[in-house]
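*Asks:* any chance you could fold what I've pasted below:
(chains A and B)
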Number of protein chains: 2
Amino acid sequence: MSVSDKCHGTGSADSVGWVKPDNVRLATSDKPLLLECGAELYPVDVEYECYGELNEDKDNAILICHALTGDAHAAGWDPEADRRPWRQDRPGWWDGMIGPGKPYDTDKYFVICSNVLGSCYGTTGPGSTDPETGQPYGMDFPVVTVGDWVKLERRLTDHLGIRSLHTVSGGSVGGAQAMEWALEYPDAVSNVHIIGASDKLSAQGLAFNAVGRYAIMTDPRFNRGNYYGKEQPLDGLSVARRLAHITYLSDKAMERKFGRVLKNGERPRYEIVPEFEVESYLDHQGEKFVRRFDANSYIYITKAMDYYDASARGNGNIQKAFANCKCRFLLISFTSDWLYTPYQMKRLAKALMTGGKKVSYVNIPSDAGHDSFLTEIDNMGAVVDAHMHTDGGTRD
Amino acid sequence: MSVSDKCHGTGSADSVGWVKPDNVRLATSDKPLLLECGAELYPVDVEYECYGELNEDKDNAILICHALTGDAHAAGWDPEADRRPWRQDRPGWWDGMIGPGKPYDTDKYFVICSNVLGSCYGTTGPGSTDPETGQPYGMDFPVVTVGDWVKLERRLTDHLGIRSLHTVSGGSVGGAQAMEWALEYPDAVSNVHIIGASDKLSAQGLAFNAVGRYAIMTDPRFNRGNYYGKEQPLDGLSVARRLAHITYLSDKAMERKFGRVLKNGERPRYEIVPEFEVESYLDHQGEKFVRRFDANSYIYITKAMDYYDASARGNGNIQKAFANCKCRFLLISFTSDWLYTPYQMKRLAKALMTGGKKVSYVNIPSDAGHDSFLTEIDNMGAVVDAHMHTDGGTRD
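*Replies:* Next up is the predicted model:
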């Protein structure tokens, strides 16, 4: 798609239009980032985007947290998408949610989205240069957690002069970040939107991540993470992505999208080749992904997803963990999401309600599975919109 | 476990005791096996086991069909397990169902189980010698189907002098074989037990199989299937097995068995290593499996699983497909099975009932997932037992 083709999108009344990321150094040797694992990390650069205007009181800021393999480009169009090919000539990943008049209304709010620590989209990660060696970190990069991500996000909002956020919102492991904001900085956030997420990943979710990492790490080209400038472990990464994609959809969605339709006509070929449409879909997803993502980052970010457990602060008791939180909570799950399931969200909602928090919980009917947080814009948007239009203050 | 340790098991009143497999050549150049893909295959050897005695009328035979990676050793103890290490010093895989006084009662019935075509446990498969080259077939082995498996099973029952089977029973893709018997040989089977199976695999099931095969075939040691006598594609096969194991359990079973328990104490190590118990479980399953199974066989057998569609004979209409079937049907699903789901089994039951067939259908409550057909012996056994003790004749 050429730039001119995109003008319609950028020029439409509800688009934030052309956007470009900023990049800022938020940790140096003077002020390293102390990680949950005990390591001190510097330098740390953060890539982020902003939409709308920060008001004088600096109290209209919304932080949007991206999911596993997302990036800072949450809304609008990037005129330099060629330089950042993962942006795939599409608007930002939550463009339906963010813009003038949209649920996260850039006419009223200043919206920020930053790339997480350990990723490969501008924020420091395993592909960044280790100052000690002058080489990419690879597996020498320290293990990072959702807590570390949020700590760095706090440095970013400090840098932008924002003392308190109106809202933190995110889907999937972005929802984990939103939760962590409520827990770690209870005085610095008024509203938390947790979408298609849970206080912790299930054993089944841990298992899927583990198989993906195993596939990457046993790819001979992985070479213990030292593959930069050499052949990449694309086959392992592709396996991980194919597998993950199954967990992002649902049995029903796959049945509806692909069923058992054959790629080539009505008769099977009876050869050891991909025969079914669903296999072509996975091939396509795998191929697309390995062109845009770094295998080491995939390992680190899935580890962060694994480790996250919001209930840990309450020794496993969610209600206790959230005892000091003051924000309003909006929780959204999707009926067919089997990665971060409605039953987990209900458990969280119940604990928060029992703990006397201000909680709205909606379980949106959808057969799109976990991907619903990216695709069910109409229903999810209406719920968010309603929440944004009611009292947004903190509890007294 | 030594042979003496096992004497208790073999000597107990409800065990078939010591057993050994037989092997018979059932296709030769004079009488090749014509496969669904159009190829003619010979020689074809079949490994099988029998328990109990065939009566004079030869009308008390039960054929048991194994699942994906199973073998002919369905009951009793193998004194030569050292020679067939996949038998793992355990009784046969359905020992709880087969034996004196057990649901498939060897005091009354003659029970047969054979290894499927394309497997690696004694029946001809990709690891067998291609007579044209004198080398293992590898990927030159023709694609085989559930229909081909059943055709070969029919040759085996012919060889044993059995014109009609009292019952064909199987779990998982063994259930597909039982279905296929009803469809292909309606006059040669009186009872069909379809357990934890469906008329066809879902798109999600196809997707999981495809990822497993992709992992094997991109392992550099796979070498287009020519790895015999060389290094094996163990990493790819291990990925496939780990992944498959997740689909054999259930979210609930994994939560109950492993939850988020850490391998080493209470605190995470924050290292890029397997941290959770569930990861050790998958490691163990992967390692155990690659010692016992052949990667090419895994590819061929999952393809057979993919291709199977009992409704194809009715152009997608199940009721039409089964119109000529005369047997009694016993259908069993398990509530938490998400690989071959209860909703699929209900669809099948409904179609058969609407078509005027004699059908018993039970959806057994279990949180063990697809593995229930191997583990829920008490409940499943009681249902099978009841069915076996009612009129076992064909419909008039």
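*Asks:* just the helices from chain A, written as ranges.
*Replies:* Using DSSP state H, the helices found in chain A span residues A:3-11, A:146-159, A:173-184, A:203-218, A:234-248, A:251-257, A:277-290, A:295-307, A:318-321, A:342-354, A:372-375, A:377-389.
*Asks:* can I get these in CSV with distance to chain B and mean neighbour count?
*Replies:* Any C-beta I mention is one placed from the backbone N, CA and C, and that applies to glycine too. CSV is the format used below for those (distance: least, C-beta to the nearest C-beta, whole Å; neighbours: other C-beta atoms under 10 Å in any protein chain shown):
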stretch, distance to chain B, mean neighbour count
helix A:3-11, 32, 13
helix A:146-159, 10, 21
helix A:173-184, 14, 26
helix A:203-218, 4, 25
helix A:234-248, 4, 25
helix A:251-257, 4, 18
helix A:277-290, 5, 19
helix A:295-307, 6, 25
helix A:318-321, 13, 19
helix A:342-354, 9, 18
helix A:372-375, 16, 23
helix A:377-389, 24, 17
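*Asks:* quick one: closest of the ones you listed to A:R267.
*Replies:* The closest of the helices of chain A to A:R267 is helix A:277-290. By C-beta to C-beta, the value is 14.6 Å.
*Asks:* A:S164 - how many residues pack around it?
*Replies:* 15 (other C-beta atoms under 10 Å in any protein chain shown).
*Asks:* please report phi then psi for it.
*Replies:* With angles defined as degrees, to the nearest 10, A:S164 sits at phi -140, psi 140.
*Asks:* thought it was touching A:P186?
*Replies:* No. If you go by C-beta atoms under 8 Å, A:S164 and A:P186 don't touch, sitting 10.6 Å apart.
*Asks:* number of nearby residues for A:P220?
*Replies:* Residues within reach of A:P220, counting by other C-beta under 10 Å, total 13.
*Asks:* now the spatially closest residue to A:N226 that is not a sequence neighbour: how far from A:W149?
*Replies:* Using C-beta to C-beta, 6 or more residues apart in numbering or on different chains and skipping the chain neighbours, the partner closest in space to A:N226 is A:G138 (5.0 Å). Distance, A:G138 to A:W149, by C-beta to C-beta, to the nearest Å: 20 Å.
*Asks:* A:A323 too?
*Replies:* 23 Å.
*Asks:* check A:L331 too.
*Replies:* Relative to A:W149, A:L331 is positioned 20 Å away (C-beta to C-beta).
*Asks:* ok, now which ones touch A:I364?
*Replies:* Neighbouring residues of A:I364 by C-beta atoms under 8 Å, 6 or more residues apart in numbering or on different chains: A:332-335, A:372, A:376, A:379-380, A:383.
*Asks:* in JSON lines, list these along with pLDDT.
*Replies:* Below are the contacts of A:I364 laid out as JSON lines (pLDDT from 0 to 100):
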{"residue": "A:I332", "pLDDT": "98"}
{"residue": "A:S333", "pLDDT": "98"}
{"residue": "A:F334", "pLDDT": "98"}
{"residue": "A:T335", "pLDDT": "98"}
{"residue": "A:S372", "pLDDT": "98"}
{"residue": "A:E376", "pLDDT": "98"}
{"residue": "A:N379", "pLDDT": "98"}
{"residue": "A:M380", "pLDDT": "98"}
{"residue": "A:V383", "pLDDT": "98"}
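*Asks:* mind putting these into TSV with distance to B:R347?
*Replies:* Shown next, in TSV, are those (distance: C-beta to C-beta, whole Å):
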residue	distance to B:R347
A:I332	32
A:S333	28
A:F334	25
A:T335	21
A:S372	25
A:E376	27
A:N379	29
A:M380	32
A:V383	34
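*Asks:* just flag the most distant two among these.
*Replies:* Put simply, by C-beta to C-beta the two of those set farthest apart are A:T335 and A:V383, 13.8 Å from each other.
*Asks:* ok, how many other residues are close to the residue in the stretch 1-150 of chain A positioned nearest to chain B?
*Replies:* At 3.5 Å from chain B, A:C37 is the closest residue in the stretch 1-150 of chain A, using C-beta to the nearest C-beta. When counting by other C-beta under 10 Å, one arrives at 16 neighbours for A:C37.
*Asks:* quick one, what contacts it?
*Replies:* By C-beta under 8 Å, 6+ apart, the contact set of A:C37 is A:142-145, B:270.
*Asks:* quick check: closest non-adjacent residue to A:Y281.
*Replies:* Closest residue to A:Y281 apart from its sequence neighbours, by C-beta to C-beta, 6+ apart: A:F258 at 6.3 Å.
*Asks:* could you report the neighbour count for that neighbour?
*Replies:* A:F258 is flanked by 21 other residues according to other C-beta under 10 Å.
*Asks:* repeat for A:D59
*Replies:* A:D59: 15 surrounding residues under other C-beta under 10 Å.
*Asks:* residues contacting the residue positioned nearest the centre of chain A?
*Replies:* Most central in chain A under C-alpha atoms, centre = their mean is A:A67, positioned 1.2 Å from the mean C-alpha point. Going by C-beta under 8 Å, 6+ apart, A:A67 touches A:170-174, A:373-374.
*Asks:* try 10 Å this time
*Replies:* A:A67 is in contact with A:93-94, A:116, A:170-177, A:195-197, A:248, A:301, A:305, A:370-371, A:373-374, counting by C-beta atoms under 10 Å, 6 or more residues apart in numbering or on different chains.
*Asks:* try A:V359
*Replies:* Contacts of A:V359 by C-beta under 10 Å, 6+ apart are A:194, A:322, A:328-331, A:348-353.
*Asks:* repeat that for 8 Å
*Replies:* A:328-331, A:349, A:352-353.
*Asks:* what residue ranges in chain A score low on pLDDT?
*Replies:* Within chain A, the segments meeting pLDDT under 70 span A:1-9, A:88, A:391-396.
*Asks:* 50 instead, please
*Replies:* A:1-6, A:392-396 (pLDDT under 50).
*Asks:* quick one, which residue of it lies the farthest from its center?
*Replies:* Centroid-distance maximum for chain A: A:R267 at 41.0 Å, with C-alpha atoms, centre = their mean.
*Asks:* what residues does the stretch 1-150 of chain A put near chain B?
*Replies:* Within reach of chain B by C-beta under 8 Å from any C-beta of the partner chain, the stretch 1-150 of chain A has these residues: A:36-38, A:139, A:142-143, A:145.
*Asks:* and chain A, what are its domain boundaries?
*Replies:* A:3-201+A:311-389, A:205-303 (automatic domain parsing).
*Asks:* what about A:G196, distance to B:A72?
*Replies:* 46 Å.
*Asks:* these two: which is more packed in?
*Replies:* The neighbour comparison of A:G196 against B:A72 (other C-beta under 10 Å) goes to A:G196, with 31 against 27.
*Asks:* so what's the nearest residue to A:G355 once chain neighbours are set aside up against?
*Replies:* Once flanking residues are discounted, A:G355 sits nearest to A:Q319: 4.3 Å by C-beta to C-beta, 6+ apart. By C-beta under 8 Å, 6+ apart, the contact list for A:Q319 reads A:351-352, A:354-355.
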